[in-house]
Every structure is written in C-alpha cells, then in structure tokens.
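> quick check, what structure comes out for this input:
(2 chains)
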Amino acid sequence: MNDISFEVAEGTIFAFLGPNGAGKSTTINTLCTILNKTQGILKINGNDVSEQKERVRKDIGIVFQESTLDVRLTVSENLKLHCDFYNVPKAEVKERIDFVLDLVDLGNWRNAVVKSLSGGMKRRVEIARGLVHYPKVLFLDEPTTGLDPQTRANIWNYIHRLQKEKNITIFLTTHYMDEAEISDKVAVMDHGKIVAYDTPDNLKKQYTSSLMKIKVLDPLPVIQYLADKGIQYKMVDDLISIYILELKEIFQITSTFQDEITDFEVTKGTLNDVFLAITGKEIRE
Amino acid sequence: MRVINAILTRNLTNFTRDRVRLFFTVFMSVIFLFIFSFVMQSTTVGIANPTNYLISGIIIMTVFQAALNNSMMIIEDISSGFMKEILVAPISRYQISIGQILSATAVAVLQGVIILVLGLFIGLSIDILQFVKMTVIMIVVGITFSSMGLYLAILAKNSTNFQLIISIIAMPLTFLSGAYIPTTILPSFLLPIVYLNPLTYTTSIYRYITLGMEHYSNDMLIKEGVAFDLHGFIITPYLGLMILLIIGIIFFILCVNRFSKADFSEVKVSKDIMF
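Down below sits the predicted model:
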C-alpha cells in the first residue's frame, strides 16, 4: 500500500471500495493501530495513530472481517468484557449493554452462548460490541460479507440508525457496489492505491454516462438525427444504445420519435462502471 | 486491576464452559492419583509415610504440567480471532499477560487442590497448616510455570509447535527433579541441571512439608534428598523455596516483557473461522 491520502468529516460514512487484495483491510488495520505505518501521518480525532495508540483505541470501535467474539461466553458476557477493557463506568455497563442490544434487536438473546448463534446474529453482536463504549469512529471491515441479502439489509438498517442517533463517523470497506453507493464519500482502491476519491454521485458523473437503449420501427431517421447532433451511439440489430450526457437529451429524443419507439430503457452509470472506467477491469464479487 | 480481573474471570468462565475439558481435567487428576499410587507403591519401600510421599509428588507434577499446558489458552485465542479484540482494546500488554498467567495458575492450583482433597480420602494425613502451606507453594509453582508456558506459547505461536516444545522441556525437568528418581543416585554430571531445575526445589519443599521433616537435622535432610550439599553450602528446603521464588519472578518478568514486545500482527488468523 503506498501513497494514499484522505480526510473524513465527522458523522459521515466513508467507504473503501475495491477488489480482494486491493489494500482495504491493510488500510483499516493501520488505522486501528494493529499494523504500524512505515511512513506518513495518520490522525484520528486529532490523535496520531502511532504515537497515541491508547487514546486512538479509546475513540474507535472495530468490526473485523473475521469473527473476534469469544464463542464460549454469552452475548452479554462478551459485551461486559468489552466494557471492562474500555473502562466504561461500572454503573453504566448494564444500561449500555441493553441499549446496544436493542439497537441490533438482540435484546432477547443476551444470555445465549455466542457459539449457538447464527452468522448474521454473531455479526450483529460484533457491531453492538463495537458500539458499547460509544466510539467516535466505527470501522467496519466488510461487515456483511457472506451474509444473505435480508440480513445484509437489516445490518445496514442498524448501521444507519446508530449513525443518526450517535453521530458516529463510519469507515467501511466493501466490495459490494450498493453498500458503497450509500456512503457519503468513496475511495476506490486498486493495487494499494486510491485511484479515485469523491462522492458516489460525482464519481459517476465524472467517469460514467447514462445509457439509453431504444427499439424503433425504422432506425434510419434516428441514426441520422443522432449523427447530426453529434451524440455517440451504438447499434446492434434493431437495438440502438445511446450514450446520454444530459437528462434533457432523453426528452428530446423520446419526444421527437415518440411514435416510432417500441421499447425503451435508461440505465444510470454504476460504481462498477466507475471502477471499470478507472482500472479497466470489473470488481468481482 | 479491572482489566486483569476481567481477563481472569473470562478465562475461568471459559474453562468451566468447556465441559469436555473440565471433565478430563478432573478425570485425569483422579486417574493420575490412582495409577501412580498403585504403580509407585513398590518404590516407596522403607519410606515412613508412603501415601504422603506419593501424593505430594503427584500434586507437584499435576500443577507443573497443568500450568505449562494452560498457556495453550492464548494460542486458542490467537487462532479463534479473539486475540485481535484484546489487542485493539485500550489496555496495556502487561495487563493482558498478567491476566493470562493468573488464569493459568488458578486452573492449575484448582487441579492440585482437587488431588489434595481426594488424597485425604485415601490416607493422606496432613493438618490444616500443612494444607495451607501446600496450597501456597502450589500458587508459587503455578505462577512460575505459567509464566514459562506463556513465554513458550508466544515463541511457538501455534499449538503443534507448542506441544512439541512443552514435551521437550517437561521431560528432563521432571526426571531431573527427584520427583520420581531420587537425586542421590543420579550421575554427578547431571547434578548442575538438577540444581538449576526449579522443580527440584518444588519437590523438596513439598516432601519436607508433607512428610513432616521439621525436626530433621541437615545431614538427615540431605540423606532424604530434600536438602542439597553444594560443596559445603547446604540448600535447605526453605532456601530452595526462595530459589524457586526467584526463578519464578525471573520467568514472570521475562514473560511479561516478551509479551509486551511480541508482534501479533504476524499471526495470521485462519479465514476458515469466518462465519
């Protein structure tokens, strides 16, 4: 990993997007003081990550890619242990455990031994644990990898809820496009470098164009029209794919040929297209 | 203190949750006790109180083995991923290692006490004071060898290596301690190892207490193999206990130091243990 630079504002969601081995986890591990950086400056909440490790550790919560729960302890024992480690005031421990377990809908499972829980529930316990000491920054390293779509959606609900309630800054690594999509800012990583860094909308605006596909009765006048206007297009059989730069072009084309068009579809550019445009390859899930 | 306490509680809870392990720990102690008392009966001919002699040896061996082996807990924590949770917490490495050593000691002493209590039913004759003294020494022995075990666990970094190292180290320590083979019949070139072996002094102070040798003269103690004549300098059992304590403190400091410098980021957590 080399030569990367980014800044994250308080209370926002920041995503590292990239294929496996791009350096996402290494970045996260460096940020949460497990790995030492070889060069550069890294500060969280004003504290240097290598110089003031204990201060930084107090301020952050981490959900690792792999499970780091003690599977023989119960849910609440795991959280209690975490409170002891983070020196949560003893009088608040019970109340806080109740609060975070409610947040992830595990209130009824507090006395279950972690071993007996399903994968999605374990993940929720980890998220609850990452929050119980009220961190300012929460690191989520691929929080939903390997979970079914429904559980993924639920976990995202929880994350959004707590971000609103606690104004926590969230750092996220993912290779799911839809997860990066909802972040405030995205850093696209490849081969240990940040290749693009902006809001998802800006990235899409900058690197992709929308695509309109239409089928018409007689393609010739349409092609003539597009060529005159200097709009890029591609034609396969009777399907015309038109690269749209501005929204009003869609209306112009559709209204001009409204009696001709038999079928029509507009797809907006995705972050996958962004990644494709920047690196020349797709992110494989 | 809160952190050490939390780690201790967690490890003990973990130990009792593992039913199979709990069962075998108790079961092994009992088996040990009975097999050894049958097998060793013949070797105790001429000893005034054979039951006390045997059981004291068995207790020491159990506590020694258990303390060394219990450091495996930390290797399990590394491979299960839980170690990462500990390492990113805002706590010092000293607290972690001290908590681990105390947990391993607690479990080992518990095993020793189980045998001690069982021993009472099969003819071990000791008074309350002896019982207390024996338990205190168990704690010293436990801390010494838990520290040693944890030190080796950090070096080994996986359970296969750890088991190998433990068996290589435990073997000579056991046989050159006088617990099974009297030190008086060992060839003289092995004696330096005997005198450096913390288990030697453990065995001698234990025999000294359980067999009630308080009124023995130094010459008699040397003859019984619980005191040692080092070119005229007599190591009495209590001096031996001091030596044990010093060795224990050295191991403890070495271990805590090593732990706080160990680089656990190299330790790869197996990805198979995901969800």
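
> ok, which stretches of chain B are strands?
Assigned by DSSP state E, chain B shows strands spanning B:228-230, B:233-235.

> now render those as a markdown table, adding mean neighbour count.
Any C-beta I mention is one placed from the backbone N, CA and C, and that applies to glycine too. A markdown table is the format used below for the strands of chain B (neighbours: other C-beta atoms under 10 Å in any protein chain shown):
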| stretch | mean neighbour count |
| --- | --- |
| strand B:228-230 | 15 |
| strand B:233-235 | 14 |
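
> out of these, name the one with the poorest average pLDDT.
Ranked by mean pLDDT, these bottom out at strand B:228-230, which scores a mean of 80.

> tell me the helices and strands packed up against it.
helix B:191-196, strand B:233-235 (3 or more C-beta pairs under 8 Å, 6 or more residues apart in numbering or on different chains; DSSP states H and E).

> tell me which of the ones you listed sits nearest to chain A.
When those are compared by C-beta to the nearest C-beta, helix B:191-196 sits nearest chain A, at 38.4 Å.

> how far away from the center of its chain is the closest one?
Its chain's C-alpha centre and that of helix B:191-196 lie 18 Å apart, by C-alpha atoms, centre = their mean, to the nearest Å.

> name the residues of it that are buried.
B:Val194, B:Tyr195 (16 or more other C-beta atoms under 10 Å in any protein chain shown).

> and if you look at stretch A:207-215?
A:Tyr207, A:Thr208, A:Ser209, A:Ser210, A:Leu211, A:Met212, A:Ile214.

> what's the local residue count around residue 175?
Just going to use chain A. 19 (other C-beta atoms under 10 Å in any protein chain shown).

> could you do chain B instead?
Applying other C-beta under 10 Å, I find that B:Phe175 has 16 neighbouring residues.

> same check on A:Leu131?
A:Leu131 has 24 neighbours, counted by other C-beta under 10 Å.

> how about whatever helix or strand A:Cys83 lives in: buried residues?
Using DSSP states H and E, the element containing A:Cys83 is helix A:75-85. Of the residues in helix A:75-85, A:Val75, A:Ser76, A:Glu77, A:Asn78, A:Leu79, A:Lys80, A:Leu81, A:His82, A:Cys83, A:Asp84, A:Phe85 count as buried by neighbour count, 16+ other C-beta under 10 Å.

> what's the answer for stretch B:72-92, then?
Buried residues in stretch B:72-92 (16+ other C-beta under 10 Å): B:72-75, B:77-91.

> send me it as PDB with only the CA atoms.
Output in PDB follows, covering the C-alpha atoms of stretch B:72-92 (Å, rounded to 0.1, in the frame of the first residue of the first chain):
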ATOM      1  CA  MET B  72      -2.300 -23.000  25.400                       C
ATOM      2  CA  MET B  73      -5.300 -20.800  26.100                       C
ATOM      3  CA  ILE B  74      -3.500 -17.900  24.500                       C
ATOM      4  CA  ILE B  75      -2.800 -19.900  21.300                       C
ATOM      5  CA  GLU B  76      -6.500 -20.700  21.100                       C
ATOM      6  CA  ASP B  77      -7.300 -17.000  21.500                       C
ATOM      7  CA  ILE B  78      -5.000 -16.200  18.600                       C
ATOM      8  CA  SER B  79      -6.400 -18.800  16.300                       C
ATOM      9  CA  SER B  80     -10.100 -18.000  17.200                       C
ATOM     10  CA  GLY B  81      -9.600 -14.300  16.400                       C
ATOM     11  CA  PHE B  82     -10.400 -13.200  20.000                       C
ATOM     12  CA  MET B  83      -6.800 -12.000  20.500                       C
ATOM     13  CA  LYS B  84      -7.500  -9.200  18.000                       C
ATOM     14  CA  GLU B  85     -10.300  -7.900  20.200                       C
ATOM     15  CA  ILE B  86      -7.800  -7.800  23.100                       C
ATOM     16  CA  LEU B  87      -5.000  -6.200  21.100                       C
ATOM     17  CA  VAL B  88      -7.100  -3.300  19.800                       C
ATOM     18  CA  ALA B  89      -8.500  -2.500  23.200                       C
ATOM     19  CA  PRO B  90      -7.000   0.500  25.100                       C
ATOM     20  CA  ILE B  91      -5.300  -1.700  27.600                       C
ATOM     21  CA  SER B  92      -1.600  -2.400  28.200                       C
END
